[in-house]
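J.: here you go, sequence then predicted model.
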Amino acid sequence: MSDYRIGASSADAMPGWGNDAAARLEQALTTTRAHPNRAEAWVGLGQAFIAAGQTQSAPRCFARATELDPSNAVHWARLGKVLHSLHQYRPAQDALRQACAIEPGSPQWQLLLGSVSTEQNDVDGALEAYGRARGVEPENLQCAVAEALLLPPVYRDMADLERWRSRYEAGLSRLHAELPRHPSWHTQVLNLEWQNFSLAHQGGDDRVLQERYAELIASLLARAAPDLQAVPYRLPRDDRKIRVGFLSSELRTCTIGDYFSSWILGLPRDRFEVRCYFTGHLPDSLTAKLAAACDRFETLGGTVDSIAQRVRLDPPDILILPDVGMSPQSYLLANLRLAPVQCAAWGHPVTTGSRHVEHYISCADMEPIGAGSHYRENLILLPGLGVRYARPLPPKVRARVQLGLPHGAHVYVCPNRLHKILPDRDAVLLDILARDPQAVLVFFDAVAPGQRQAFVERLQRGMQARGIAPRRQIKFLPILPHAEFRSALSVADIMLDTPNFSGGSSALDALAVGLPIVAQEGRFMRGRQSAAMLRMIGLPELIAVDDFRYVELALRVAGDRAYRASLSERIMAGLPRLFDRGESVDALGEALAGLLMDSRNTSRLSPK
């Protein structure tokens, strides 16, 4: 779901450019043709492409500028930054290394290099870059946080994971201890670009760490913008509709949009007034649909404080933050007070840790017993999937050969992103390869090639240690559009789920094409989603109680065609219990009404 990259944006474009981006682009093209040997002309053209939304064309312009003026660090940095935004991490890393070599005293370039190196799983390079940045500018908050809280996407082994978790804990303690010695940090916090995203993928209990991180951010915000942490009390009239606001950068076609759009569209308008605050940069047809359905839809850009002030100008009674952790701004906004009642949801399924978010909305069937202890917030549980999720359309039929997969193999697909597959799952994967000579493990490629390399090297070390001869039994498919992704799932024999962070939308796609999933419940909601779906459709026997049973189930499903066909039939028969169900949205409406009633009772006793 995710994205925690520092990207090029229209903010890099020439000042004063707005709706006339096309005309300015034409002007930049004319200037470049007239002065083809001037680096500045190519820079202007690259910036014009970005402003016009044609970012793909910008790298060649900045690359030409580096050819014409190779000693200019800014040209190399611009090239690296735009390549970073386009997920071209290897050339981005090369360009930023060049910028840092020319201008080693720039913390800005070092920070960009550290960010790209992290994506590439080059954590040594990232730490070196962040360390240099902080050495040059010790008062820089971004440098301090990045150096202290760095986590790799892909771990070498479980001991490596534990080392990094311990380092994270120590780094967080160090930041708290250093806070009094850095009075300027609060002046920078509103521009902090840090998501704390990777912590949830370690599979541990993150409540204490999330709370400590939130307290760090909240304490800085309390000095930077104290008015934005005061509750904007307003006593709603009992006869007025309940104003519910949704604040997110992901109100578009993506996992977040596919999940939570049903809340926005489904809350009954005779009781609720629905407002959306979209902070993203990639609006699409779903964005337009939500905008048309809302009582108010605003696209908010700029700084965190300007966004916060706009929401507070006429605050909703209840504000829902569905995906805290999916963008740097979301963590900052979650530590401000934008509405009398604030709720989070499982777009990034871990507690926000913020004292300014009172409630966390989750799924009853996916949470374990005692789940309330995992959240700082009050836990609100909805039935079913927690949302009304539309059943995906049947995919186009594809042959395995079209995807580069062998026809007669047993295809075990693990569609989770590589950073969600922890080293403690390697033994299960290797057991399958050792016991099934026809097994082919299929993964989907990482966006950054360095992550794929680290993951493959880890599996190869395990195969060597187990004496498993390589026979091209590990395959990678590219990241595919949604419809093509479901086509790829439809040619597999089985989906392998991961208990530290299970499939969500990927599991729904697998079940929609009748693909059996072997699951194993994790300790936390984020590792129990696929298992809950299997129970909903009546296949609890595919939920393994331990690793041994997991492997046995996987081998049977993949190797027994008749058994697999019977499972597929049962899956398809059970899909109406999974998709297009309205109970969750109805329950949400009742829960929100109850929260507002409590808020009214509280605010009647509070000073205006």
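T.: Cool, the structure landed.
J.: look at residue 5 and report its pLDDT.
T.: Looking at residue 5, its pLDDT stands at 23.
J.: what of residue 24?
T.: For residue 24, the pLDDT comes out at 87.
J.: Three-state assignment for it, please.
T.: Look at residue 24: counting by DSSP: H, G, I helix; E, B strand; the rest coil, its state is helix.
J.: if I look at it, how far off is residue 299?
T.: 21 Å (C-beta to C-beta, to the nearest Å). C-betas here are computed from N, CA, C, even on glycine.
J.: likewise residue 253?
T.: Residue 253 is 16 Å from residue 299, by C-beta to C-beta.
J.: same check, this time on residue 331
T.: Residue 331 is 20 Å from residue 299, by C-beta to C-beta.
J.: counting neighbours, go ahead and name the busier of these two.
T.: residue 331 (26 against 14; other C-beta atoms under 10 Å).
J.: which residues are contacting the helix or strand hosting that one?
T.: Using DSSP states H and E, residue 331 maps to helix 328-334. Helix 328-334 is contacted from outside by 4, 189-190, 192-196, 213-214, 217, 221, 247-249, 279, 304, 307-308, 321, 323-325, 342, 344, 352, 354, 356-357, using C-beta atoms under 8 Å, 6 or more residues apart in numbering.
J.: give me the subset of the residues you listed lying in strands.
T.: Within those, residues falling in strands by DSSP state E are 247-248, 321, 342, 344.
J.: got those as JSON lines, with neighbour count, pLDDT and distance to residue 565 columns?
T.: Output for the ones in strands among the contacts of helix 328-334, formatted as JSON lines (neighbours: other C-beta atoms under 10 Å; pLDDT from 0 to 100; distance: C-beta to C-beta, whole Å):
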{"residue": "247", "neighbour count": "29", "pLDDT": "98", "distance to residue 565": "46"}
{"residue": "248", "neighbour count": "26", "pLDDT": "97", "distance to residue 565": "41"}
{"residue": "321", "neighbour count": "27", "pLDDT": "98", "distance to residue 565": "43"}
{"residue": "342", "neighbour count": "26", "pLDDT": "97", "distance to residue 565": "48"}
{"residue": "344", "neighbour count": "30", "pLDDT": "98", "distance to residue 565": "42"}
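J.: ok, so of the residues you listed, who is nearest residue 443?
T.: residue 248 (28.7 Å; C-beta to C-beta).
J.: in the stretch 1-150 of the chain, which spans are helices?
T.: 21-34, 39-51, 58-68, 73-85, 89-102, 107-119, 123-136, 141-149 (DSSP state H, counting those that start in this stretch).
J.: I meant the stretch 301-450 of the chain, not that one.
T.: Counting by DSSP H, counting those that start in this stretch, the helices of the stretch 301-450 of the chain are 304-313, 328-334, 426-435, 449-466.
J.: can I get these in TSV including distance to residue 500?
T.: Below are the helices of the stretch 301-450 of the chain laid out as TSV (distance: least, C-beta to C-beta, whole Å):
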stretch	distance to residue 500
helix 304-313	31
helix 328-334	22
helix 426-435	12
helix 449-466	15
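J.: looking at those, which is buried most?
T.: helix 328-334 (a mean of 25; mean count of other C-beta atoms under 10 Å).
J.: leaving aside the residues next to it on the chain, what's closest to residue 386?
T.: In this structure, residue 386 finds its nearest non-sequential neighbour in residue 363, 3.9 Å apart by C-beta to C-beta, 6 or more residues apart in numbering.
J.: what's the answer for residue 306, then?
T.: Nearest residue to residue 306, sequence neighbours excluded (C-beta to C-beta, 6+ apart): residue 300, at 7.7 Å.
J.: for the stretch 201-350 of the chain, which spans come out with low pLDDT?
T.: Counting by pLDDT under 70, the stretch 201-350 of the chain contains low-confidence residues at 234-238.
J.: mind checking which helix or strand of the chain has the lowest mean pLDDT?
T.: Using mean pLDDT, DSSP states H and E, helix 583-603 stands out as the lowest-scoring helix or strand of the chain, at a mean of 86.
J.: all the helices of the stretch 451-600 of the chain, in order from the start?
T.: Taking DSSP H, counting those that start in this stretch, the helices of the stretch 451-600 of the chain run over residues 482-490, 505-512, 529-536, 547-559, 561-574, 583-603.
J.: closest one to residue 74 among those?
T.: Closest among the helices of the stretch 451-600 of the chain, using C-beta to C-beta: helix 482-490, at 38.4 Å.
J.: re earlier: how deep is the residue nearest to residue 306 tucked in, by neighbour count?
T.: Counted with other C-beta under 10 Å, residue 300 comes out at 18.
J.: again, but for residue 59
T.: By the criterion of other C-beta under 10 Å, residue 59 has 23 neighbours.
J.: about what we covered before: TSV for the helices of the stretch 1-150 of the chain, including distance to residue 466?
T.: Formatted as TSV, those follow (distance: least, C-beta to C-beta, whole Å):
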stretch	distance to residue 466
helix 21-34	56
helix 39-51	49
helix 58-68	43
helix 73-85	37
helix 89-102	31
helix 107-119	30
helix 123-136	26
helix 141-149	35
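J.: who's in contact with the closest residue to residue 126 other than its chain neighbours?
T.: Once flanking residues are discounted, residue 126 sits nearest to residue 117: 3.9 Å by C-beta to C-beta, 6+ apart. Neighbouring residues of residue 117 by C-beta under 8 Å, 6+ apart: 93, 123, 125-126, 129.
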